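Test case, fold it:
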Amino acid sequence: MLVLRRRDERAPRGVNGNGTASAEPATHSIEDRLEEAVGLARAIDLDVRAAEIVPLLAPRPATLLGSGKVEEIAAQIAEHEAGLAVVDHALSPTQQRNLEKAWNCKVLDRTGLILEIFGARARTREGRLQVELAHLTYQKSRLVRSWTHLERQRGGHGFLGGPGEAQIETDRRLIQDRIDAIRRELAGVVRTRALHRSGRKRVPLPVVAIVGYTNAGKSTLFNRLTGAAVSAKDQVFETLDPTMRELRLPSGRRIVLSDTVGFISDLPTMLVAAFRATLEEVVEADLVLHVRDIAHAESEAQAHDVTAVLADLGIDAEAADAPVLEVWNKADKLDAAARLETERAILRSGRAPALVSAMTGEGVETLRAGIDARLGAKDEVLTLEIPPDAGRLLSWLHANAEVLEQETGESGTVTARLRIDPAIKGKLDGQLKRAGLAATRGATRGQTPRL
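Sure, this is the predicted structure:
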């Protein structure tokens, strides 16, 4: 197998050629993109025999590459007896067909490779439908390379009918029919997810969605926070179907934590569209955890790619009031000098990112507290006087709110100062009524309601 990559003339990581800072956003280095392409190939167990960076100054309409380079690569493919060549660049149907003829092997471009990975990883019916939709959308314009009978014509109706419908048009129509059917099924998925969200709103638990570049450690962090056993192998797109678990924070607040599909640079538009139903969980989330592999050389460029996808979903991660908390993961892979520089960067950052290691657990408790603080920004602080015979109410407060102070008087009356989520304050009023006490509606923040 041969992996190719168009040479990017821009300097990587947002630095100009003279070493000064660049106003452009950080971009991936050529070497990193090649390494990523090889990782994508190995993600579906392909045996990578050769990988090469090919300078591309003037793309050719027929083959993308110049004739000399096409012949050179053909010789390498023959030498390695490769049955597949992957071009880490978008190919038109004509370019793909011509390269297959020149190289005498199957050719995939970046979009086709990512689709193959997604097809191999989808587990739920929803995931398989989304992948099939993306596959069919991709294949619709590429039928010419998959069939040998497309020049055939089906006869027209009646004696005076025309030559009839070409086979390629029949196949395109059949594909379009299947695409329409899948979209109808996915519309049902969207409605079902909307019902699930409305159900969660009746039992108001905040939703926290984990996003990030593929292989940034999202699933490992998800497992560390929730105690779940989601597959977390060291490979790209290990998680495809979303997973949700309930999590209790230090204050007693219960939340729903959602692990989502990883992002990647140049993520095909059709995949973003196909997985929009899944990614709606991110859009509807109360807080988004942007997990970054802070030890990766291309961490800044990866963060830019994730921010771009979030922007496509309508989330401006750069806004000052954005519901996004950055999590700088893999702190255990930093050497002493890199660790010091990272800690200085945290101090300089106005967003107060959390430095963690999902693998070792370092910083995870601080992250829990940070999530709690972000979600609790609108919490109300109340002081309640609880009679001695209302132990059940006191127990409920400890389970559902954060009891800041608690003092028991000589008469046995407990004075509790607590922080509570406004979303469950109505439930507190219900508990007070069951205990025969007055509701808190007349109390203002920090005051003691009359009981």
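
Can you report how many residues neighbour Ile174?
If you look again at residue 174, you'll see it is Leu, not Ile. A count of neighbours around Leu174, defined by other Cβ atoms under 10 Å, yields 11. (Each C-beta comes from the backbone N, C-alpha and C, glycine too.)

cool, and the one 5 residues further on?
Burial of Ile179, expressed as a neighbour count using other Cβ under 10 Å, amounts to 16.

Leaving out the residues flanking it, which one is nearest to it?
Counting by Cβ to Cβ, 6 or more residues apart in numbering, Ile179 lies nearest to Leu136, which is 5.1 Å off, once chain neighbours are set aside.

Do I have it right that the one you found meets Ile175?
Yes - under the criterion of Cβ atoms under 8 Å, Leu136 makes contact with Ile175 at 5.3 Å.

which ones are touching the nearest residue to Leu334 once chain neighbours are set aside?
Here the nearest residue to Leu334 in space, its sequence neighbours aside, is Ala295; by Cβ to Cβ, 6+ apart that works out to 5.4 Å. Applying Cβ atoms under 8 Å, 6 or more residues apart in numbering, we find Ala295 in contact with 330-331, 333-334, 338.

Are we agreed that His296 is in a strand?
No - when DSSP: H, G, I helix; E, B strand; the rest coil is applied, His296 is found to be coil, with no strand at that position.

can you count the residues close to Ala51?
When neighbours are counted by other Cβ under 10 Å, Ala51 registers 17.

what does Glu365 give?
Counted with other Cβ under 10 Å, residues neighbouring Glu365 total 11.

Please point out which parts of the helix or strand that contains it sit buried.
Element membership for Glu365 (DSSP states H and E) is helix 364-375. Judged by neighbour count (16 or more other Cβ atoms under 10 Å), helix 364-375 contains these buried residues: 364, 367-368, 370-372, 374-375.

Which member of those is positioned nearest Arg33?
Closest approach to Arg33 among the buried residues of helix 364-375 (Cβ to Cβ): Leu367, at 30.5 Å.

Which pLDDT value goes with that closest one?
Confidence at Leu367, expressed as pLDDT, is 95.

next one: the one 4 residues further on
Taken from the predicted model, the pLDDT recorded for Ile371 is 93.

for it, what are its contacts?
Contacts were defined as Cβ under 8 Å, 6+ apart; by that measure Ile371 touches 208, 249, 255, 287, 289, 325.

where in the stretch 201-350 of the chain is pLDDT low?
Residues of the stretch 201-350 of the chain meeting the criterion pLDDT under 70: 201-204, 229-242, 268-278, 280-281.

What are the boundaries of the strands in it?
207-212, 243-248, 254-259, 287-293, 324-329 (DSSP state E, counting those that start in this stretch).

mind giving me a markdown table with those and columns for mean neighbour count?
Written out in a markdown table, the entries for the strands of the stretch 201-350 of the chain read as follows (neighbours: other Cβ atoms under 10 Å):
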| stretch | mean neighbour count |
| --- | --- |
| strand 207-212 | 24 |
| strand 243-248 | 15 |
| strand 254-259 | 21 |
| strand 287-293 | 24 |
| strand 324-329 | 24 |
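
partner strands of the very next helix or strand once past the helix holding Glu365, parallel or antiparallel?
Heading C-terminal from helix 364-375, the first helix or strand you meet, by DSSP H and E, is strand 380-386. Strand 380-386 has its sheet partners listed here by DSSP bridges as strand 414-420 (antiparallel).

just checking, what packs against the helix or strand following the partner strand?
With elements assigned by DSSP H and E, the helix or strand that comes after strand 414-420 is helix 425-434. Helices and strands touching helix 425-434, as assessed by 3 or more Cβ pairs under 8 Å, 6 or more residues apart in numbering; DSSP states H and E, comprise helix 391-400.

Other residues contacting the helix it packs on?
Contacts made with helix 391-400 from outside it, assessed by Cβ under 8 Å, 6+ apart, are listed as 252, 254, 384, 386, 403, 414, 416, 418, 420, 424, 427-428, 431-432, 434-435, 437.

one more time with 7 Å, if that's ok
Identification of contacts with helix 391-400 by Cβ atoms under 7 Å, 6 or more residues apart in numbering yields 252, 386, 403, 414, 416, 418, 424, 431, 435.

measure Pro388 to Ala399 for me?
Distance check for Pro388 against Ala399: by Cβ to Cβ, to the nearest Å, it reads 19 Å.

how much distance is there from stretch 39-50 to the middle of the chain?
22 Å (Cα atoms, centre = their mean, to the nearest Å).

Identify each buried residue in it, please.
Neighbour count says stretch 39-50 has 39-41, 43-44, 46, 48 buried, by 16+ other Cβ under 10 Å.

Now it - C-alpha only, PDB.
Output for stretch 39-50, consisting of C-alpha atoms alone and laid out as PDB, is shown next (Å, rounded to 0.1, in the frame of the first residue of the first chain):
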ATOM      1  CA  GLY A  39      -2.700   5.700  11.200                       C
ATOM      2  CA  LEU A  40      -6.000   5.900   9.300                       C
ATOM      3  CA  ALA A  41      -4.900   3.100   7.000                       C
ATOM      4  CA  ARG A  42      -3.800   0.900   9.900                       C
ATOM      5  CA  ALA A  43      -7.100   1.600  11.700                       C
ATOM      6  CA  ILE A  44      -8.700  -0.900   9.300                       C
ATOM      7  CA  ASP A  45      -5.800  -3.400   9.500                       C
ATOM      8  CA  LEU A  46      -4.200  -2.400   6.200                       C
ATOM      9  CA  ASP A  47      -0.500  -3.500   5.800                       C
ATOM     10  CA  VAL A  48       1.300  -0.300   4.900                       C
ATOM     11  CA  ARG A  49       4.200  -1.300   2.700                       C
ATOM     12  CA  ALA A  50       5.400   2.200   1.800                       C
END
